[in-house]
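Colleague: Below is the sequence, then the predicted model.
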Amino acid sequence: MSRADATSNLVLARRILDVSLPLMGSMIGNLVLMLVDRICLARYSSDTLAASGPAVYTAMAIVGFFVAVVGFSRSCVAQAFGRSGHDEAAHQAALGIAVGLVLAAVLMLTAPLLAMIPSLSSRPPALTRLESQFLFGSAFFGAGMTFNMALSSYFNGIGRTRITLIAGLVGQAVGVFMTIGLVFGRFGLPELGMRGSALGTLAGTLAITACYLAYVPATVWASFRRLVFHTGIRVSELAPRLRKGFALGVTAGVANFGNAIFIWVMAGLGATALAANNVNLTVSYLGVIPLLGLGIGCSVLCGNALGRGDFDQVPRIIGVSLAIELAYVVVTAFVQIAMPDVLLGPFGLAGKPPEIHHASVATARVLWTYSLAFTFSMTGQAVLESFGITRFVFGVRFALMWLLSIPTIYVMNQAHVGEPDYLPTAWVIGSSFEAAIGVLYFWRIARAVRHRQNEIVLARAVA
């Protein structure tokens, strides 16, 4: 590599970090808020602890669909910004906001239906009542998240990710305060238990909305008014966007439910394995959630380059992004392998049976395999989104996760029922399939670059 190339890569790395580090900070804040919420429900009562798992996973699978559909706006804004600058990006953002408002309204209208889902199960009525409370509330905080995704897509698409960080930190602080207060009845707030968790999340979500609205420029609102009240939204422009966003929404649902199935399958290894797996799920988030910020940053810069027609820049952006991501994986892998007790200590394993501690430590030492695989699958998906190649993303995820990975793990687990020592092997098998997904995604990216294929066709803003 020449000195000029090395300097160019350093400049690119700095640009990637400028875009990605604020997003990583926001992701870490989301992780903290999630941990606080789960800890509150766990300490409130045994019923809220038992009900929180099914309720949270069901809610986020449904909400994740709506958020992912709207989230495709980020790729449209990124390409428009790379092609023509702020005016075109504002037009795409306005279209995304219109879609976000409609889907947010639809989600709120489903609140009574979401509340009925727990009644379809055979779980005790005391638990299903709590789950219904949370799911009813999730329709409203999910609507806020859907609208927030439309707003954040503009800022992320043009690379102003510090605004995303600021809004996220404010919302997370409000969410933590309100969740603790409304679950336990502290700070002068009423004690609402499970319902308080949903309302606390809603409060944090609305705080994020307020921050975004304060920063959205007048050009975006001018484009929004023009679309809604004057020119109207062209079906020829909206339909392709919704089709691609729908594919991403279904992909998010498939992934979320697939992860939930993985947890249920692990329960077949016995109570010890289940306890160890629950602890390591949270530990695994520390290894992957911050990487999401780097993946989004990579996607934004690739989208900007594609908007300019600079396909040759895409492999360089991916290469430098991967180098940064892999450096993070190496650091977390070292801690997971050499110092697993540092990560597991906060979960109080010292007071648990030695079998749980042993299984937890053994599993923690192989979590790096999932982090490594996730680096490639997550980055590959994010970059394919910037190309608009979303149906391929869905097809690969569905085929390898639901038709191969989950059945394989289930069948192999049946031969090890009651053997918690098999848990690390199950994680490695799951990681192998996740790596295969990443390989296929990168193969498709290489093909798209080689053939200069861009499936996002943007209409010009109407003056």
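Modeller: Here it is on my side, so go on. Here the structure is a predicted model, which is why all the values come from computation and not from measurement. Numbering: from 1, shown residues only.
Colleague: Which residue comes closest to Phe177 once chain neighbours are left out?
Modeller: Spatial nearest neighbour of Phe177, excluding adjacent residues (C-beta to C-beta, 6 or more residues apart in numbering): Phe187 at 7.0 Å. All C-beta spots, glycine's among them, are computed from the backbone N, C-alpha and C.
Colleague: ok, now Leu35?
Modeller: Thr282 (7.1 Å).
Colleague: tell me the pLDDT at the one you found?
Modeller: We have a pLDDT of 73 for Thr282.
Colleague: quick one: it from Val36, how far?
Modeller: According to C-beta to C-beta, to the nearest Å, Thr282 and Val36 sit 12 Å apart.
Colleague: So for these two, which sits in the more crowded spot?
Modeller: Neighbours were counted for Thr282 and for Val36 using other C-beta atoms under 10 Å; Val36 has more, 19 against 16.
Colleague: hang on, the more buried one packs against Ile180?
Modeller: Yes. Using C-beta atoms under 8 Å, Val36 is in contact with Ile180, at 7.1 Å.
Colleague: residues shared between the contacts of the two?
Modeller: When C-beta atoms under 8 Å, 6 or more residues apart in numbering defines a contact, no residue borders Val36 and Ile180 alike.
Colleague: related to what we said a few turns ago, I'd assumed Ala42 was in contact with the residue nearest to Leu35.
Modeller: No. Thr282 is beyond contact range of Ala42, at 11.5 Å (criterion: C-beta under 8 Å).
Colleague: ok, for Val32, nearest residue in space, not its chain neighbours?
Modeller: Per C-beta to C-beta, 6+ apart, closest to Val32 is Gln172, 6.6 Å.
Colleague: What does the pLDDT read for Thr231?
Modeller: So Thr231 comes in at 82 (pLDDT).
Colleague: ignore the last one, Leu192
Modeller: pLDDT, read off for Leu192, is 86.
Colleague: what's the helix or strand for it?
Modeller: In this assignment (DSSP states H and E), Leu192 forms part of neither any helix nor any strand.
Colleague: circling back: remind me what the host helix or strand of the residue nearest to Val32 packs against, helices and strands.
Modeller: Using DSSP H and E, Gln172 falls within helix 161-184. Under the contact definition 3 or more C-beta pairs under 8 Å, 6 or more residues apart in numbering; DSSP states H and E, helix 161-184 sits against helix 3-44, helix 125-157, helix 194-215.
Colleague: So which of those helices is the most surrounded?
Modeller: The highest mean neighbour count among those, using mean count of other C-beta atoms under 10 Å, belongs to helix 125-157: a mean of 24.
Colleague: can you give me the offset of that helix from its chain's centre?
Modeller: 13 Å (C-alpha atoms, centre = their mean, to the nearest Å).
Colleague: Count the residues that sit near Phe398.
Modeller: The number of residues packed near Phe398 is 15, by other C-beta under 10 Å.
Colleague: Need the nearest residue in space to it, chain neighbours excluded.
Modeller: Distances taken as C-beta to C-beta, 6+ apart place Val254 nearest to Phe398, at 5.3 Å, with adjacent residues excluded.
Colleague: ok, now Ile163?
Modeller: Per C-beta to C-beta, 6+ apart, closest to Ile163 is Phe155, 4.6 Å.
Colleague: For the one you found, report the pLDDT, please.
Modeller: With respect to pLDDT, Phe155 scores 93.
Colleague: returning to what we had before: against Ala68, how distant is the residue nearest to Phe398?
Modeller: Distance check for Val254 against Ala68: by C-beta to C-beta, it reads 11 Å.
Colleague: More neighbours: the two, which one.
Modeller: The residue with more neighbours, out of Val254 and Ala68, is Ala68; 24 against 17, by other C-beta under 10 Å.
Colleague: Now the more buried one: which helix or strand?
Modeller: helix 46-71.
Colleague: what mean pLDDT does that helix have?
Modeller: What helix 46-71 shows for mean pLDDT is 81.
Colleague: Kindly report the same for stretch 311-327.
Modeller: 93.
Colleague: and Ala247, what helix or strand is that in?
Modeller: In this structure, Ala247 sits in helix 235-266 according to DSSP H and E.
Colleague: Repeat that for Asp87.
Modeller: Going by DSSP H and E, Asp87 is in helix 86-109.
Colleague: Show me what that helix is packed against.
Modeller: helix 46-71, helix 73-84, helix 125-157, helix 218-225, helix 235-266.
Colleague: quick one: it to helix 235-266, angle?
Modeller: Here the directions of helix 86-109 and helix 235-266 differ by 50 degrees (axes from the mean of the first three to the mean of the last three C-alpha atoms, to 10 degrees).
Colleague: Strands along the stretch 351-463 of the chain, start to end?
Modeller: With strands called from DSSP state E, counting those that start in this stretch, the stretch 351-463 of the chain shows none.
Colleague: surely Gly175 meets Ala203?
Modeller: Yes. Taking C-beta under 8 Å as the definition, Gly175 is a contact partner of Ala203 at 6.4 Å.
Colleague: where do the contact lists of those two overlap?
Modeller: With C-beta under 8 Å, 6+ apart as the test, Gly175 and Ala203 reach no residue in common.
Colleague: ok, now which ones touch the closest residue in space to Gly200 that isn't next to it in sequence?
Modeller: Sequence neighbours aside, Thr179 is the residue nearest to Gly200 in space, at 3.1 Å (criterion: C-beta to C-beta, 6+ apart). Thr179 makes contact with Leu33, Val36, Asp37, Cys40, Gly196, Ser197, Gly200, Thr201, Gly204, according to C-beta under 8 Å, 6+ apart.
Colleague: What ranges in the stretch 201-350 of the chain fall below the confidence cut-off?
Modeller: When residues are selected by pLDDT under 70, those of the stretch 201-350 of the chain lie in 267, 346-350.
Colleague: let's go with 80 and repeat that
Modeller: The stretch 201-350 of the chain contains residues with pLDDT under 80 at 232, 236, 259-261, 263-268, 270-283, 343-350.
Colleague: now swap in the stretch 351-463 of the chain and tell me
Modeller: 351-353, 356-357, 457-463.
Colleague: where exactly do the helices run in it?
Modeller: 354-364, 367-387, 390-397, 406-414, 423-450 (DSSP state H, counting those that start in this stretch).
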